[in-house]
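K.L.:
Coordinates for the following, if possible.
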Amino acid sequence: MRRLRNVKIVATLGPSSSDYDTIRKLFEAGVDVFRLNMSHGTHEEQRARYDIIRKIEDDLGRPIAVLADLQGPKLRVGVFANGSEDLTEGETFRLDLDQAEGDAKRVCLPHPEIFAALKPGAHLLVNDGKIRLRVIDCGADFANCEVTVGGIISNRKGVNVPDVVLPLAALSEKDKKDLEFACQIGADWLALSFVQRADDVIEARALAQGRAQILSKIEKPSAVDAFDEILEVSDGIMVARGDLGVELPVQNVPPIQKKLVRKCRAAAKPVIVATQMLESMIESPMPTRAEVSDVATAIYEGADAVMLSAESAAGRYPVEAVQTMNAVAEQVESDKTYLEVIGSSRNLTHTRQTIADGIVSAAREIAETTDISAICCYSQSGASVRLVARERPQVPIIALSPITKTLRKICLTWGVHAARCEEVGRFKMAVVNAARAARDMGFADETNQIIVIAGVPFNVQGTTNILRVAPCDERLIFRTDPE
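P.N.:
Just a heads-up that it's a prediction; the model follows:
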């Protein structure tokens, strides 16, 4: 069960992956984090999937993270008398609050908050941007638009408004119910959709009350503009390239992805690159070469995780999709160029300001210049583990904690192998437990050395202040370590 890569794999569960055998095969193929998409399925269905994940966790003795992805407010047009209409470029089309069925000239847009924010010149994108409208004039209950890109518009198609910050909360009433449900069953992460500003994240955090980590999905231009503030109040980030590619020119997405990944690494917060990574594998057992390159690019950039959506939730080849992503990751990370890219980006991503920063930096330097098999890090909250991961060391990172919730949530962090341990009160026993974990997980034997990072006093957050190079032979530990 030892992973031979550092980047993590997130896989979405759905109709194609809801039974014990399939979910276990997905985990054995390489999944580190399972995503429950709250946009689909009932609470009962999601609870059943969650229970299966925890059963697999118990059966295999390995922490597994669960990410509950909230839907966010969905903006959609109303219905048409004929079911659909064909809009022609250059013609005018009206959106309004009239509940009457639509026709070739108008349709209801039942969202007064959109009209409140619109200004002439703003754009509305319908059906993932396949139809584009430019606002000519507007008021509190209407918007007269010019069709700049025509096509078929049909019932309840989604609407994106890229040019303005909408007076909408990121959490709808459904989202608030889903958030509470996810926290009650024990989800480790909450993915927050439709984030526009830091206040959206703060609201979700208040509702979660520390029961789950908050991961902000960056899918709107306004979120890109306010990214620094959003990152500061988030525990992690998802680069949700689907909606981002609809609301921005597609050529803008790759440099934004690179910038956001780098900023997340500087902040020592995990970042997931998501959307359409192996989309052809929904129907095909083989990905396209472009998709493989897309996955590889995210790994070269230093992303903490890459994600499968419909490929594992509704596709015909969910296990094969995970196996493919795992194989790409192993191949990329064995490439000398990967090590050079990751190493050269280290000084570009962050500065070292605290004692903990200095200790984890020293650990990485020692590990890469001497014969060290693993860096073992004791942590109550997972913060020091994320600092070690930010350094992107070339040896495995073993996270040790007596707190199951901590071990689960750091399953999303680059390079981390989580291991439960008993509470310790003496540094000698911390070293002994680290040596045992390194041996049990196959990272070392009794002839090897490890680095142990911890804080004294034990079991107190934010006290990382010790680095010890130690043997994996317990007899040597007891012989050489003071009480």
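K.L.:
number of nearby residues for the nearest residue to residue 55 once chain neighbours are set aside?
P.N.:
Leaving aside its chain neighbours, residue 55 sits nearest to residue 20 (6.8 Å; criterion: Cβ to Cβ, 6 or more residues apart in numbering). (Each C-beta comes from the backbone N, C-alpha and C, glycine too.) Applying other Cβ atoms under 10 Å, we find 13 residues neighbouring residue 20.
K.L.:
what residues are up against residue 284?
P.N.:
residue 317 (Cβ atoms under 8 Å, 6 or more residues apart in numbering).
K.L.:
any idea how far it is from residue 311?
P.N.:
10 Å (Cβ to Cβ, to the nearest Å).
K.L.:
what is in contact with the two at once?
P.N.:
Common neighbours of residue 284 and residue 311 (Cβ under 8 Å, 6+ apart) are residue 317.
K.L.:
from memory residue 415 sits against residue 391, does it?
P.N.:
No: taking contacts as Cβ atoms under 8 Å, residue 415 lies outside contact range of residue 391: 9.4 Å.
K.L.:
Which parts of the stretch 1-150 of the chain are strands?
P.N.:
Counting by DSSP state E, counting those that start in this stretch, the stretch 1-150 of the chain has strands at residues 8-13, 33-37, 65-69, 84-87, 92-96, 106-108, 123-126, 131-139, 142-149.
K.L.:
Give the pairing partners of the fifth one; include direction for each.
P.N.:
For strand 92-96, the pairing partners within the sheet under DSSP bridges are strand 106-108 (parallel), strand 142-149 (antiparallel).
K.L.:
any idea how far the residue nearest to residue 181 when sequence neighbours are not counted is from residue 134?
P.N.:
Leaving aside its sequence neighbours, residue 181 sits nearest to residue 43 (Cβ to Cβ, 6+ apart; 5.2 Å). Remark: distance between residue 43 and residue 134 (Cβ to Cβ) = 41 Å.
K.L.:
Same check on residue 358?
P.N.:
54 Å.
K.L.:
do the same with residue 414
P.N.:
On the measure of Cβ to Cβ, residue 414 and residue 134 end up 42 Å apart.
K.L.:
For these two, indicate the residue with more neighbours.
P.N.:
Applying other Cβ under 10 Å to residue 414 and residue 134 shows that residue 414 carries more neighbours, namely 23 against 16.
K.L.:
That one contacts residue 392, doesn't it?
P.N.:
Yes: the pair residue 414 and residue 392 qualifies as a contact (Cβ under 8 Å) at a distance of 7.0 Å.
K.L.:
anything in contact with each of those two?
P.N.:
Shared contacts of residue 414 and residue 392, counting by Cβ under 8 Å, 6+ apart, come down to 6, 302.
K.L.:
And the helices in the stretch 251-400 of the chain?
P.N.:
253-266, 289-301, 310-313, 318-333, 336-344, 346-349, 355-369, 383-390 (DSSP state H, counting those that start in this stretch).
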